[in-house]
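Engineer: okay, here's the prediction I keep looking at, along with the sequence it came from:
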Amino acid sequence: MLRPSGSLRTLLRGLPVLVGAAPDFDPDQVPDDPVELFIQWLLHAVECDIVEPHAMTLSTVGAAAGEAGPRPSARVLILKDVDAAGWNFGISSASRKGADLARNPAVSLTFYWPALGRQVRVDGVAIPDPPQVTAEDFLARSEGARAMVLTGRQSEPYSDPEEISEALSKAHLELEHSPTVVPVEWGSYAVRADSVEFWQSDAGRRHRRVRYERDGGRWSTTLLWP
């Protein structure tokens, strides 16, 4: 592993930033609904062959931790859909994020496409989907992904990799006998957004930002300083 000859701070300071080829974006011409603009940005990222454009950071509120109180917890997931209900994702209730959502459904989603100089932040509440939607979401996953969920041990500690191999073998066998099984701990959610912010970078730091905020059944927009 190479180590910098100077300080790490100096090395990081010297790395290039905001080098993405930012597309045209006029904050004064955005649609009334943030979902429409988000889908436009997402599809543009797909067309530009951005690696895993549907990857997002899901931030939840953890359990109380001493005097500091509840602490945020973040991890990267894959967006499953965006529709009238919100931004959709699936998780296991046995995971840490599942426990967080059971305590507090407030979440934040962050999408970042550095090659395009674009970022989107979604703040809102994760609402559980109906059982049928949850089942369809699980059954649409790959066999390997379903098998891992069926082990029921996400986020648990282990001491021997063979434990994982044995649990997966049992899970694959269960899938062979019951290909439509849906574990009770699986859940899918739609994030009902309260606010959505779109950010496009500028090399001169004159970033363009517009924030949507829910106002009853409609949305209001505000231009933000860089």
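Structural biologist: That came through, no problem.

Engineer: okay, CA-based contacts and neighbour counts for the rest of this
Structural biologist: Noted.

Engineer: average model confidence for stretch 95-108?
Structural biologist: Stretch 95-108 carries an average pLDDT of 95.

Engineer: buried set for that stretch?
Structural biologist: For stretch 95-108, a neighbour-count test (16 or more other C-alpha atoms under 10 Å) marks 95, 96, 97, 98, 99, 100, 101, 105, 106, 107, 108 as buried.

Engineer: contacting residues around the first one?
Structural biologist: Same thing as residue 95. Residue 95 makes contact with 154, 155, according to C-alpha atoms under 8 Å, 6 or more residues apart in numbering.

Engineer: biggest strand in this protein by residues?
Structural biologist: In the chain, taking DSSP state E as the definition, the longest strand is strand 186-200.

Engineer: after it comes which helix or strand?
Structural biologist: Downstream of strand 186-200, the next assigned helix or strand under DSSP states H and E is strand 208-215.

Engineer: could you list the paired strands of that following strand along with their orientation?
Structural biologist: Strand 208-215 pairs in its sheet with strand 186-200 (antiparallel), strand 218-224 (antiparallel), by DSSP bridges.

Engineer: out of these, flag the one nearest residue 54.
Structural biologist: Of all these, strand 186-200 sits nearest to residue 54, with 15.0 Å by C-alpha to C-alpha.

Engineer: what does that closest one rub up against?
Structural biologist: Strand 186-200 is contacted from outside by 22, 25, 34, 85-93, 107, 117-129, 133-134, 137-138, 149, 207-214, using C-alpha under 8 Å, 6+ apart.

Engineer: tell me the most buried of the strands paired with strand 208-215?
Structural biologist: strand 186-200 (a mean of 22; mean count of other C-alpha atoms under 10 Å).

Engineer: nearest to residue 62 among the buried residues of stretch 95-108?
Structural biologist: For the buried residues of stretch 95-108, the closest approach to residue 62 (C-alpha to C-alpha) belongs to residue 100, at 5.3 Å.

Engineer: got a list of what the closest residue to the closest one other than its chain neighbours touches?
Structural biologist: Take residue 100 and drop its neighbours on the chain: the residue closest to it by C-alpha to C-alpha, 6 or more residues apart in numbering is residue 62, 5.3 Å away. For residue 62, the contact set (C-alpha under 8 Å, 6+ apart) comprises 70, 71, 72, 73, 100.

Engineer: at 10 Å instead, please
Structural biologist: Contact analysis of residue 62 by C-alpha atoms under 10 Å, 6 or more residues apart in numbering lists 69-74, 96-97, 99-101, 103-104.

Engineer: hang on, it in a strand?
Structural biologist: Yes: under DSSP: H, G, I helix; E, B strand; the rest coil, residue 62 falls within a strand.
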